[in-house]
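> Build me a model:
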Amino acid sequence: MAGGWFTTNTDADDVLTTWINKQFVTDLMWDVQYQKFTTKAVIPDGGGNIGRFVTFAPPTATTGYALGSAALTEGNTGSEHEITSIATAATNCTIGEFGEWYRLGKLASKAEAAGTAQRIQKRMNDGAALAVDSYIRGFALDSTNYVYATLAAPGAIATAPATVGDIGAGALIFCGARMKSKYCQPLKGIEGHPDGHFAAVITPNAEMDVVTEVSTTKVTWSEAVTNVGGKMGQDKWVNGYIGSIYGTAVYVTQNHTTTTLTSVVELSYVLSDGGLGAMSFGDMNPQIIFNDVNSPYKNVKSIAWYTLMGAGLIHSDRVIKLYHLA
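Next up is the predicted model:
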């Protein structure tokens, strides 16, 4: 499995004790966040294997064909106007099957023990969920909008930033303001997410920068309380609570990407509604299956996950890629 979930050795003891770390699996619900903020659609039976997300440009009022008025104006009640130029852009999602299988081999006998099969299945499900989440996150990389993050200047749009600094809360405020200026819609109806807020999915290093906002690594108690002020300031700092900044709810993930500019940087994202899309023939969640020896997976007893879906970047203005120091 990608990400080091299993070893290639089929020895039962080796496989069952191979983990990235306990916290990684326990908190996987926080890692699979790109799926959470993805616009999902299901292609009906017989609809082919290509789904299409369509976005409309704001319509414009042209010269009225009745009274010749140039545009819609306040108080102008007697004119008729022809609304034209409702241009569209589309993102196609080609549905494909992808997944992983793992040969049970010596695990076959252990998988029959009470509870063991469920634990193996959970590990497979965790790996599948993370793989699909990473697949969706990859399309955020296609965004042409980059934010250059520093403490001195909260943000500046650049296609190839030469210097990247710490992220800071100011950069997230800048991202929220830019989303609003582009008429991006906040996210609604997502479990655990406050309605009417954008979503920032940031790295653990970025989380530290947002909370401390200091130029050195020496963080005093008084500085920490100052930066997360209020009557619950100390509690927030101790328990790691960030919440929302300027209408942008902040989430922390270990599922992120690094790249190298003038230095090694991490990529976080700020997402709005309709930025990323995923289409499938059915349920988006991977299906976890125990196969018998007559399965298509190498004709051996195995456990497998697979999904039939496609993903894409619906609109680059609705996704902000945030560069910050690793």
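> going forward, measure contacts between C-alpha atoms and count neighbours the same way
OK.
> so where is the stretch 101-250 of the chain shaky, pLDDT-wise?
104-117, 151-162, 213-234, 236-238, 240 (pLDDT under 70).
> For it, which segments count as helices?
With helices called from DSSP state H, counting those that start in this stretch, the stretch 101-250 of the chain shows them at 107-111, 116-140, 168-181, 204-212, 221-227, 233-239.
> helices or strands next to the third one in the packing?
If you count contacts as 3 or more Cα pairs under 8 Å, 6 or more residues apart in numbering; DSSP states H and E, helix 168-181 packs onto helix 204-212, strand 244-245, strand 248-252.
> could you dump that helix to CSV, C-alpha only?
C-alpha atoms of helix 168-181 as CSV (Å, rounded to 0.1, in the frame of the first residue of the first chain):
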residue,chain,number,x,y,z
GLY,A,168,0.7,33.7,9.8
ALA,A,169,-2.9,34.4,10.4
GLY,A,170,-2.6,37.4,8.2
ALA,A,171,-2.2,35.2,5.1
LEU,A,172,-5.4,33.3,5.9
ILE,A,173,-7.2,36.6,6.4
PHE,A,174,-5.9,37.7,3.0
CYS,A,175,-7.1,34.4,1.4
GLY,A,176,-10.6,34.9,2.9
ALA,A,177,-10.7,38.5,1.5
ARG,A,178,-9.6,37.4,-1.9
MET,A,179,-12.2,34.6,-2.0
LYS,A,180,-14.9,37.2,-1.2
SER,A,181,-13.6,39.6,-3.9
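> right, and residue 264 touches residue 166 too?
No - at 11.9 Å, residue 264 does not count as touching residue 166 under the criterion of Cα atoms under 8 Å.
> ok, those two, which is more surrounded?
More crowded of residue 264 and residue 166, by other Cα atoms under 10 Å: residue 166, with 25 against 13.
> how about that one, what does it touch?
Residues near residue 166 by Cα atoms under 8 Å, 6 or more residues apart in numbering: 149-151, 206, 209, 324-325.
> returning to what we had before: how about the helices of the stretch 101-250 of the chain, which one is nearest residue 280?
Of all these, it is helix 116-140 that lies closest to residue 280, at 12.2 Å by Cα to Cα.
> Which residue ranges of the stretch 201-326 of the chain form strands?
In the stretch 201-326 of the chain, the segments counted as strands under DSSP state E, counting those that start in this stretch are 244-245, 248-252, 257-260, 264-271, 276-280, 287-291, 302-313, 319-325.
> Direction included, what does the fifth one pair against?
Just to be clear, that refers to strand 276-280. Strand 276-280 has the following strand partners under DSSP bridges: strand 39-42 (parallel), strand 302-313 (antiparallel).
> The helix or strand just after the shortest one: which residues count as buried?
In the C-terminal direction, the helix or strand that comes right after strand 39-42 (DSSP states H and E) is strand 50-56. The neighbour-count criterion (16 or more other Cα atoms under 10 Å) identifies 50-53 as the buried residues of strand 50-56.
> Looking at those residues, which is nearest residue 102?
The closest of the buried residues of strand 50-56, once distances to residue 102 are taken by Cα to Cα, is residue 50, at 29.1 Å.
> nearest residue to the closest one other than its sequence neighbours?
Spatial nearest neighbour of residue 50, chain neighbours left out: residue 94 (4.4 Å); criterion: Cα to Cα, 6 or more residues apart in numbering.
> so who does the one you found touch?
With contact set as Cα under 8 Å, 6+ apart, residue 94 has these partners: 49-51, 309-311.
> Any chance of TSV for these, columns distance to residue 274?
What follows is those, written out as TSV (distance: Cα to Cα, whole Å):
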residue	distance to residue 274
49	21
50	18
51	15
309	17
310	15
311	12
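> now, which of those sits nearest residue 245?
Out of those, the member with the shortest distance to residue 245 (by Cα to Cα) is residue 311, at 28.5 Å.
> for the closest one, what are its contacts?
Residue 311 sits in contact with 93-94, 135-136, 139, 276-279, where contact means Cα under 8 Å, 6+ apart.
> likewise residue 39?
273-278.
> swap in residue 279?
Residues counted as contacts of residue 279 (Cα under 8 Å, 6+ apart) are 40-43, 51, 93, 95, 309-311.
> now residue 128
99-100, 286, 305-306.
> now do 10 Å
Residues in contact with residue 128 (Cα atoms under 10 Å, 6 or more residues apart in numbering) are 1-2, 99-100, 122, 134, 285-288, 304-307.
> quick revisit: in JSON lines, list the contacts of residue 94 along with pLDDT and distance to residue 242.
Shown next, in JSON lines, are these (pLDDT from 0 to 100; distance: Cα to Cα, whole Å):
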{"residue": "49", "pLDDT": "89", "distance to residue 242": "41"}
{"residue": "50", "pLDDT": "90", "distance to residue 242": "39"}
{"residue": "51", "pLDDT": "89", "distance to residue 242": "37"}
{"residue": "309", "pLDDT": "89", "distance to residue 242": "33"}
{"residue": "310", "pLDDT": "90", "distance to residue 242": "33"}
{"residue": "311", "pLDDT": "92", "distance to residue 242": "30"}
